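Student: sequence plus predicted model, see below.
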Amino acid sequence: DFWSYNKQEPEYPSSVKRDLYAEDYEEIGLNYNREVLDSTEKLFEKGFRPENGKLLLWHGVPGTGKTYFIRALCQAWKEWCDYCYIVDSEKFFADAAYMNAAMLNSRDPDRWNLLIIEDASELISTSANKQSGQGLSRLLNITEGMIGQGLNLMVMITTNEDIGELHPAVSRPGRCLNSTEFKALSSKEANKVLRKIGSSAKAEKGEELTLAETYSLHVEHENNRDD
């Protein structure tokens with residue numbers, strides 16, 4: 001479900017259901033470095049259920065495949081978890097009715113609900129209290145406080161910021177169910193991806209490329225061949 005706030009009269013939160021294509025974890029593994037796969041491996045184990053912590057924090061430079069990886073996670077958890085993608089996170093954390101509607105989205109009390117909030121730098125940066133008011137406090141209250149108490153609820157946050165730029169209340173050890181940094185690929189890793197997709201393009205030795213840059217290298221190489 002993609003959630004947003006309807007600004008027409010009367011104003012109210014609403015959701016739109018969409019089916020998205022997602023590859024399995026095993027199929028996308030080559031697109032990521034070993035550190036990412038080791039950090040997230042437990043999340044994809046058969047029979048996984050969250051025990052401690054309800055916050056997942058994925059961070060790293062743009063183009064490293066965080067969104068693509070979220071889709072694989074949703075695919076892996078679809079038998080026991082529902083998903084709410086929050087389009088307008090600032091409005092979400094500012095409106096109690098909006099929060100309740102999305103958090104209580106799952107009609108089956110035995111199913112979990114994952115709130116997905118991408119590019120949430122303003123919400124969880126070191127200056128979050130000044131920029132987003134009570135947004136950070138409510139996020140923490142959802143994951144560890146009274147708001148989320150008794151709910152099968154998790155929150156996925158992604159940001160392009162370095163972990164050192166995030167608010168310590170979010171990034172401190174023990175806060176997260178999972179905290180993973182998505183890094184650029186080494187030239188060796190990028191070339192494995194290129195070979196997987198049948199490309200004759202090649203990354204230079206010592207070069208680091210994001211996943212997006214790796215695929216762009218393939219496209220550029222193919223365009224040059226056509227010329």
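Tutor: Looks like it came in fine.

Student: which elements pack onto the helix or strand where Val155 lies?
Tutor: Here Val155 sits within strand 153-159, counting by DSSP states H and E. Applying 3 or more Cβ pairs under 8 Å, 6 or more residues apart in numbering; DSSP states H and E, one finds that strand 153-159 contacts strand 55-60, helix 66-77, strand 112-117, helix 121-124, helix 135-144. Bear in mind the C-beta positions are built from the backbone N, C-alpha and C, glycine included.

Student: nearest to Lys205, of the ones you listed?
Tutor: strand 55-60 (23.0 Å; Cβ to Cβ).

Student: still on that earlier bit, so what are the sheet partners of the strand holding Val155 and their directions?
Tutor: Paired neighbours of strand 153-159 in the sheet (DSSP bridges): strand 55-60 (parallel), strand 112-117 (parallel).

Student: need the distance between the two termini of stretch 41-54.
Tutor: Start and end residues of stretch 41-54 are separated by 17 Å (Cα to Cα, to the nearest Å).

Student: so what touches it?
Tutor: For stretch 41-54, the external contacting residues (Cβ atoms under 8 Å, 6 or more residues apart in numbering) are 25, 56, 72-73, 76-77, 80, 112, 142-144, 148, 153-155, 174-178.

Student: now it, how far from the centre of its chain.
Tutor: Its chain's average C-alpha position is 15 Å from that of stretch 41-54, according to Cα atoms, centre = their mean, to the nearest Å.

Student: buried residues in it?
Tutor: Leu43, Phe44, Pro50, Gly53, Lys54 (16 or more other Cβ atoms under 10 Å).

Student: with stretch 51-69 instead?
Tutor: Neighbour counts over stretch 51-69 (16+ other Cβ under 10 Å) mark 53-60, 63-66, 68-69 as buried.

Student: where does the protein have low pLDDT?
Tutor: Scanning the chain for pLDDT under 70 picks out the ranges 8-10, 52-53, 106-107, 122, 124-133, 145, 163-169, 171-174, 226-227.

Student: from what I see, Gly55 and Met154 are in contact.
Tutor: Gly isn't right for residue 55; it's Leu. Yes. The pair Leu55 / Met154 is scored as a contact, 7.2 Å apart, by Cβ atoms under 8 Å.

Student: give the residues shared as contacts by the two.
Tutor: Thr143, Leu177.

Student: for Pro13, find the nearest of the strands paired with strand 153-159.
Tutor: strand 112-117 (12.7 Å).
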